[in-house]
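Peer 1: Let's see this in three dimensions:
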Amino acid sequence: MTVVKSTIPESARRPVGDALQGTLVDLLGLSLIAKQVHWNVVGPRFRSIHLQLDEVVSATRSFADTVAERSAALGIPADGRPETIASAFTLPGPKDGWVRDSDVVQLMAEALEAAIGRLRERIAATEEPDPVTQDLLIAITAELEKQRWMFDAENWPQEG
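Peer 2: Below you'll find the model as predicted:
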């Protein structure tokens with residue numbers, strides 16, 4: 001089997017590969033969390049949250065594909081197997097069954113915030129070895145921060 005030749009130095013492959021693989025796991029996990037609560041959200045804000053969750057799923061799945069392809073382009077095989085995601089994923093997840101809209105909002109804000117924190121660490125880790133990967137991680141972070149903001153805005157206290 002021919003291995004894809006990397007365009008980055010061997011010394012950069014490990015930190016860049018780790019950053020891309022960790023990001024892939026987080027993105028695929030986020031898409032699964034969002035889809036799970038999308039199917040099971042209940043409450044007065046059902047429709048708006050239901051639709052916003054689809055935006056998260058679309059963004060995370062698209063970015064996951066881009067991250068995996070970036071990894072492959074650098075000669076680093078991506079690992080998106082279910083068992084890999086299940087064993088490596090550590091972001092907060094939903095409970096079983098129906099989930100109140102307010103709990104969905106809280107869960108998504110927390111999961112996105114945790115993913116963003118790890119992305120910021122990966123941005124720092126890829127600055128020297130591969131600014132191109134760093135740029136990709138910056139773009140992903142910007143979108144996830146927008147999504148987190150939207151969920152966080154749902155938590156705004158109602159005056160009454």
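
Peer 1: At which residues are the strands of this structure located?
Peer 2: Using DSSP state E, the strands of the chain run over residues 41-42, 99-100.

Peer 1: Same list (the ones you listed) but as CSV, adding distance to Thr141.
Peer 2: Yep, even glycine has a C-beta here, placed from its N, CA and C like the rest. Output for the strands of the chain, formatted as CSV (distance: least, Cβ to Cβ, whole Å):
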stretch, distance to Thr141
strand 41-42, 25
strand 99-100, 26
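
Peer 1: want to throw those strands into TSV with mean pLDDT?
Peer 2: Putting the strands of the chain into TSV (pLDDT from 0 to 100) gives the following:
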stretch	mean pLDDT
strand 41-42	97
strand 99-100	97
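
Peer 1: Now distance to Leu107 and mean neighbour count too, for these, in TSV please.
Peer 2: Putting the strands of the chain into TSV (distance: least, Cβ to Cβ, whole Å; neighbours: other Cβ atoms under 10 Å) gives the following:
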stretch	distance to Leu107	mean neighbour count
strand 41-42	10	19
strand 99-100	7	18
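
Peer 1: Among the ones you listed, which comes closest to Met150?
Peer 2: Among the strands of the chain, the nearest to Met150 by Cβ to Cβ is strand 41-42 (14.8 Å).

Peer 1: Identify all contacting residues around that closest one.
Peer 2: 49-50, 53, 98-101, 104 (Cβ atoms under 8 Å, 6 or more residues apart in numbering).

Peer 1: Now go through those and say which are in helices.
Peer 2: Residues of the contacts of strand 41-42 located in helices (DSSP state H): 49-50, 53, 101, 104.

Peer 1: Surely Leu28 is in contact with Gly80?
Peer 2: Yes: the pair Leu28 / Gly80 is scored as a contact, 5.9 Å apart, by Cβ atoms under 8 Å.
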